[in-house]
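> Sequence and predicted model, in that order:
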Amino acid sequence: MNDHTLAGRTLRWTFESGPTAGKTYEHVFGDETVAFREADGKFNDVKPKYSSFEVAPSTHLVSYLSPESGFTLTIAVNFETGRIYGFASNDKQWFPVYGTNETVR
């Protein structure tokens, strides 16, 4: 089973809920790590490891832990509808999140 199904893709997620509501983040998925940044910002210094799986046609589940913020983000990306749904959590907080996906490449 391939656990890096998003490798080579660049996705922009705009969150409508959770701790980053109203913000857009660009994610560049590599073979094992993901670089991300707030739109028009600087990419994070540390590229965390991620995993992703195609769980249904055109739907991928992706998760990574950001060492800088301490949050784990787990998102289901539906490429047909352009919607994202998931959870952001750390050792003290948990948030359901949803928003939109734009595929850059």
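Structure's in. What do you need? For clarity, every value in this text was computed on a predicted model and none was experimentally measured.

> partner strands of the helix or strand residue 25 falls within, parallel or antiparallel?
Assessed by DSSP states H and E, residue 25 sits inside strand 24-29. Using DSSP bridges, the strands paired with strand 24-29 are strand 10-15 (antiparallel), strand 34-38 (antiparallel).

> Contacts for that strand, please.
Strand 24-29 has contacts (C-beta atoms under 8 Å, 6 or more residues apart in numbering) with 4, 6-15, 34-39, 43, 50, 52, 62, 104. Every residue, glycine included, has its C-beta placed from N, CA and C.

> now swap in stretch 32-48 and tell me
For stretch 32-48, contacts defined as C-beta under 8 Å, 6+ apart pick out 4, 12, 23-28, 30, 49-50, 64-68.

> for the residues you listed, which one is nearest residue 88?
residue 66 (9.4 Å; C-beta to C-beta).

> Any of the contacts of strand 24-29 buried? List them.
Those of these that meet the buried threshold are 4, 6, 9, 11, 13-15, 34-36, 50, 52, 62, by 16 or more other C-beta atoms under 10 Å.

> Measure how far the one helix or strand residue 61 maps to is from the centre of its chain, please.
Assessed by DSSP H and E, residue 61 sits inside strand 59-65. Per C-alpha atoms, centre = their mean, to the nearest Å, the displacement of strand 59-65 from the mean C-alpha position of its chain is 6 Å.

> same thing with stretch 12-20?
Mean C-alpha position of stretch 12-20 versus that of the full chain (C-alpha atoms, centre = their mean) differs by 10 Å.

> can you check stretch 64-71 too?
12 Å.

> For that stretch, C-alpha coordinates in PDB please.
Output in PDB follows, covering the C-alpha atoms of stretch 64-71 (Å, rounded to 0.1, in the frame of the first residue of the first chain):
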ATOM      1  CA  TYR A  64       1.200  15.100   9.700                       C
ATOM      2  CA  LEU A  65       2.500  16.500  12.900                       C
ATOM      3  CA  SER A  66       3.900  20.100  12.800                       C
ATOM      4  CA  PRO A  67       6.800  20.200  15.200                       C
ATOM      5  CA  GLU A  68       6.700  24.000  15.200                       C
ATOM      6  CA  SER A  69       3.100  24.300  16.400                       C
ATOM      7  CA  GLY A  70       2.700  21.000  18.100                       C
ATOM      8  CA  PHE A  71      -0.500  20.300  16.100                       C
END
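
> Fine, thanks again, bye for now.
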